[in-house]
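> Got a predicted structure here, sequence first:
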Amino acid sequence: MIIHRGLDDLQPITNAVVTSGTFDGVHRGHQTILARLTEVAKTSGGESVLITYWPHPRTVVSNDGQELRLLTTLEEKIDLLDQAGVDHLVVIPFTRDFSQLSSEEFIRQILIDKIGTQKLVIGYDHRFGRDREGGFDYIQAHQSDYGFTVEEIPRQDVEAVGVSSSKIRNALNEGNVHTANLFLGRPYNLTGTIVKGRQLGRTIGFPTANLQIDDPSKLVPANGVYAVDVRYGGQLMGGMLNIGFRPTVAGTHQTIETYIFDFDKDIYGEHMTLQFREFLRPEQKFNGLPALVAQLKQDEDSVRAVLAQ
């Protein structure tokens with residue numbers, strides 16, 4: 001996949017079959033659009049092009065933008081789109097000035113002049129341009145003027161999947177990783193660097209790797225205990241994850257700590273990815289360390305059983 005970061009040096013692409021959107025999560029709904037995009041490009045002898053925006057538009061123009069947490073970082077999204085078989089990814093810096101482009105300006109300046117669009121493939125009810133004024137009906141009515149055709153993914157195809165980024169965020173905020181993973185079509189993950197914590201875990205027989213995520217805008221699921229797969233150094237291992245404030249030991253800030261099964265190595269400063277498998281229980285405060293340790297032993301048995309499935 002060829003990545004174009006910005007529009008300045010972008011040249012028109014041969015027989016471009018184009019779609020656009022934020023594609024946060026690259027979930028099953030997005031995958032329906034991507035499958036059609038790549039299919040049309042292949043059958044027409046063209047090249048598939050996906051236009052996306054960074055940062056997420058809601059963080060720029062919406063009142064709730066600062067609170068928005070993302071399902072995928074930009075690099076994760078790039079990797080997933082590459083796996084989906086997209087030929088060209090155009091990453092447009094989203095600014096307030098860009099948000100003021102009318103749908104007509106977007107079509108003329110970007111789809112036609114910059115990319116050379118021959119066919120546009122969009123999801124049902126996809127909108128674009130200032131105040132989301134442009135859409136399928138508008139383009140279809142003017143496609144002879146623009147010199148490209150437009151295809152809308154049928155409503156029934158989109159609704160059959162029944163997935164949205166908002167639904168996935170809501171599920172993760174409730175700790176419902178089973179539903180989130182079903183909607184994503186893969187396990188939700190967090191990637192970051194292992195940093196030193198208070199190292200209390202090793203004193204009670206549960207040494208943990210304390211993860212500092214790469215991008216603070218990435219959504220961290222609800223506080224609690226999870227079964228996770230751990231990807232580190234080309235290995236895939238099992239682990240028991242706790243997200244929360246560790247009230248039993250008077251924690252003061254949220255941590256992401258994983259007890260990696262059957263693993264004993266100093267990995268401070270190393271990169272690690274957690275893939276969420278199942279939510280076990282909410283975080284809770286115990287009456288002292290002995291009670292906490294007893295519960296952790298039960299949790300370990302439960303997590304190992306989940307991971308063995």
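That came through, no problem.
> What ranges does this structure have for its helices?
Here the chain has its helices, by DSSP state H, at 28-43, 57-61, 74-83, 96-99, 103-105, 136-146, 155-161, 165-173, 177-184, 289-308.
> can you redo the ones you listed as TSV with mean neighbour count?
From N, CA and C alone the C-beta is placed, and that goes for glycine too. Shown next, in TSV, are these (neighbours: other CB atoms under 10 Å):
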stretch	mean neighbour count
helix 28-43	19
helix 57-61	16
helix 74-83	17
helix 96-99	12
helix 103-105	15
helix 136-146	14
helix 155-161	13
helix 165-173	18
helix 177-184	20
helix 289-308	14
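> which one of those lies closest to residue 4?
If you check each of the helices of the chain against residue 4 by CB to CB, helix 74-83 wins as the nearest, at 11.5 Å.
> Also compute the angle for the closest one relative to helix 177-184, please.
50 degrees (axes from the mean of the first three to the mean of the last three CA atoms, to 10 degrees).
> chain center to helix 74-83: distance?
9 Å (CA atoms, centre = their mean, to the nearest Å).
> Next: stretch 8-21.
Worked out by CA atoms, centre = their mean, stretch 8-21 lies 23 Å from the chain centre.
> how about the CA coordinates for it, as CSV?
Listed next in CSV are the C-alpha coordinates belonging to stretch 8-21 (Å, rounded to 0.1, in the frame of the first residue of the first chain):
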residue,chain,number,x,y,z
ASP,A,8,0.8,18.7,-1.6
ASP,A,9,2.7,16.1,-3.6
LEU,A,10,-0.2,13.9,-4.6
GLN,A,11,-0.5,13.2,-8.3
PRO,A,12,-3.7,11.8,-10.0
ILE,A,13,-3.9,8.0,-9.7
THR,A,14,-4.6,5.8,-12.7
ASN,A,15,-8.2,4.7,-12.8
ALA,A,16,-8.8,5.6,-9.2
VAL,A,17,-11.6,3.8,-7.3
VAL,A,18,-12.1,5.8,-4.2
THR,A,19,-13.8,5.8,-0.8
SER,A,20,-13.5,8.2,2.1
GLY,A,21,-14.1,8.3,5.8
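> Now do the buried residues in that stretch.
10, 13, 16, 17, 18, 19, 20, 21 (16 or more other CB atoms under 10 Å).
> what bits of the stretch 201-309 of the chain have low per-residue confidence?
Filtered on pLDDT under 70, the stretch 201-309 of the chain yields the residue ranges 250.
> nearest to residue 209, of the buried residues of stretch 8-21?
residue 21 (35.1 Å).
> Might you report the residue contacts of the closest one?
Under the criterion of CB atoms under 8 Å, 6 or more residues apart in numbering, the contact list for residue 21 reads 30, 33, 50, 51, 52, 122, 123, 126.
> Now render the residues you listed as TSV, adding distance to residue 169.
What follows is those, written out as TSV (distance: CB to CB, whole Å):
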residue	distance to residue 169
30	14
33	19
50	22
51	23
52	18
122	22
123	18
126	19
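> tell me which of those residues is nearest to residue 273?
residue 30 (20.8 Å).
> so the closest one touches residue 23, yeah?
Yes: between residue 30 and residue 23 there is a contact under CB atoms under 8 Å: 5.1 Å.
> Now for residue 34: which residues touch it?
So residue 34 contacts 19, 26, 50, 81, 84, 85, 86 (CB under 8 Å, 6+ apart).
> run the last query once more with 7 Å
84, 86 (CB atoms under 7 Å, 6 or more residues apart in numbering).
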